[in-house]
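> Let me see the structure of the following:
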Amino acid sequence: MKQYKKWIIILGVLCVVTVAVLGISQWNQKSDGGRWSLIYVPKTEDGTNDFWTSLISGTRMAAREYNVSLEIMAPDREQNIEQQNELIREAIRQNPDALIVSPSSFTDSTVLLKEAKEKGIKVVFIDSYIDEEIQDITVATDNLEVGRKLGEYTREIIDEDTQIAVVGHVQGVSTAIEREEGFREGLGDLEKNIVDVVYCDSLFDKAYSLTMELMEKYPNLKIIAGLNEYSSVGAARAVRDANAEDKIQVVGVDSSQEAVDLMEQGIFSCFVVQKAFKMGYLGVKETIRLLDGEAYEENINSGCEMVTPDNMYTSEIEKLIFPFNTLKTTGAAGEKS
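Okay, the predicted model is just below:
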């Protein structure tokens, strides 16, 4: 009888221990995985730039809808690679479930991001990427396609003798490399007409001054191609202020209210618009699917569209160039697909 009672006590203790262990296990699972922790390090968070405003808004909307924690840690300027790396180090120290990054350099953040992977942090790229494929997910515009569309359009409005200058954004970043490559592909044999390529470090004022210098250096210049919002709008401002719109056409990448105004004034002949809100939204959405153990897409092309004076006020293009106006009536659904 005593032996029987002894086994009853032992079994009771084992049950209590088992319940306690299960409870601790469930508590750990809930605290670690019930509300995912995400950190996003973009190239910058700039209220004067519609691309980054729209993209970051997309990440925040997805985080709210899927009830996850999202912290934005942004450098003061796109070209501030050192500061971005400092923020990546800090993000790794905080040990989030996922680190989302828009790398400002093709090579300078590779070691840090590999360190994040080694710590078990999921790594996701939005907009740009690095020289090694260490990421779990990439959501970006096909930047070769962006450049190609711009080059093909430009080819249709020039002749054999037309001089072209390119104002890039940050030298060495994957988006700049691929857009220039695509632009040259789109031009075909007229690639030889490119007389100069300069970089504005994603600063409106620098793009403006570089364009002024280009117009002085090349009196017969006919086309200026900007490869992001900073370079495109900065170049267009310079052409406008020089009263050169009858002589020089600006083609560019990314849109803003100012870019639309400049197109209406006849400065921009075209610009290629990225789907920035969609890019940011899907970047967070697919990260959550990955963390939840659900099926997810590893590589997503968020798409782009050509905008010209002829199509800028069609309904589909309006959704892209005035994203915050259309969001009020269509919600995020128009940008999620």
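> Averaged pLDDT, stretch 66-85. What do you get?
Averaging pLDDT along stretch 66-85 gives 96.
> Now it: buried residues?
Across stretch 66-85, burial judged by 16 or more other C-beta atoms under 10 Å covers 66, 68, 70, 72-75, 77-81, 83-85. Heads up, the C-betas are built off the backbone N, CA and C, glycines and all.
> Look up the pLDDT of the residue nearest to the spatial centre of the chain for me, please.
Residue closest to the mean C-alpha point of the chain, counted by C-alpha atoms, centre = their mean, is D127 at 2.9 Å. If you check D127, the pLDDT there is 97.
> Give the closest residue to it in space, chain neighbours not counted.
S102 (4.3 Å; C-beta to C-beta, 6 or more residues apart in numbering).
> can you tell me which helix or strand D196 belongs to?
Using DSSP states H and E, D196 sits in strand 194-199.
> Could I have the CA atoms of that strand written out in CSV?
C-alpha atoms of strand 194-199 as CSV (Å, rounded to 0.1, in the frame of the first residue of the first chain):
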residue,chain,number,x,y,z
ILE,A,194,25.8,59.3,-74.1
VAL,A,195,28.4,61.9,-73.5
ASP,A,196,28.6,61.9,-69.7
VAL,A,197,27.3,60.2,-66.6
VAL,A,198,27.4,62.0,-63.2
TYR,A,199,26.1,61.1,-59.7
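> Which neighbouring elements make contact with the following helix or strand past that strand?
Going down the chain from strand 194-199, the next helix or strand is helix 204-217, by DSSP H and E. Helices and strands touching helix 204-217, by 3 or more C-beta pairs under 8 Å, 6 or more residues apart in numbering; DSSP states H and E, are strand 163-168, strand 194-199, strand 221-226, helix 229-241.
> Any chance of these in JSON lines with mean neighbour count and mean pLDDT as columns?
What follows is the helices and strands packed on helix 204-217, written out as JSON lines (neighbours: other C-beta atoms under 10 Å; pLDDT from 0 to 100):
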{"stretch": "strand 163-168", "mean neighbour count": "25", "mean pLDDT": "98"}
{"stretch": "strand 194-199", "mean neighbour count": "17", "mean pLDDT": "98"}
{"stretch": "strand 221-226", "mean neighbour count": "25", "mean pLDDT": "98"}
{"stretch": "helix 229-241", "mean neighbour count": "26", "mean pLDDT": "98"}
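> Make a markdown table out of the ones you listed and add distance to T308.
Output for the helices and strands packed on helix 204-217, formatted as a markdown table (distance: least, C-beta to C-beta, whole Å):
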| stretch | distance to T308 |
| --- | --- |
| strand 163-168 | 18 |
| strand 194-199 | 22 |
| strand 221-226 | 15 |
| helix 229-241 | 14 |
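> Flag every buried residue along stretch 124-135.
124-130, 135.
> Among the residues you listed, name the ones in helices.
Among the buried residues of stretch 124-135, DSSP state H puts none in helices.
> List the backbone torsions phi and psi for the closest residue to V170 other than its chain neighbours.
Leaving aside its chain neighbours, V170 sits nearest to Q79 (4.9 Å; criterion: C-beta to C-beta, 6+ apart). Backbone torsions of Q79, given as degrees, to the nearest 10, read phi -80, psi 0.
> now do V251
phi -120, psi 150.
> for Q274, same thing?
The phi/psi pair for Q274 (degrees, to the nearest 10) is phi -80, psi 160.
> Check the gap between it and E229 for me.
Here the criterion is C-beta to C-beta, to the nearest Å. By it, Q274 lies 9 Å from E229.
> same deal with N301?
With the distance defined as C-beta to C-beta, N301 ends up 20 Å from E229.
> what's the answer for R93, then?
Using C-beta to C-beta, R93 is found at 32 Å from E229.
> repeat for L150
Going from L150 to E229 by C-beta to C-beta gives 14 Å.
> for P42, same thing?
Distance, P42 to E229, using C-beta to C-beta: 14 Å.
> Mutual contacts of L150 and E229, please.
Shared contacts of L150 and E229, defined by C-beta atoms under 8 Å, 6 or more residues apart in numbering, comprise 252-253.
> where exactly do the strands run in the stretch 1-150 of the chain?
37-41, 69-72, 98-101, 122-126, 137-140 (DSSP state E, counting those that start in this stretch).
> Alpha carbons only: can I get the second one in CSV?
By that I understand strand 69-72. These are the backbone C-alpha positions of strand 69-72, laid out as CSV (Å, rounded to 0.1, in the frame of the first residue of the first chain):
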residue,chain,number,x,y,z
SER,A,69,6.0,45.3,-34.4
LEU,A,70,7.9,47.3,-37.0
GLU,A,71,10.6,49.8,-36.1
ILE,A,72,12.0,52.1,-38.8
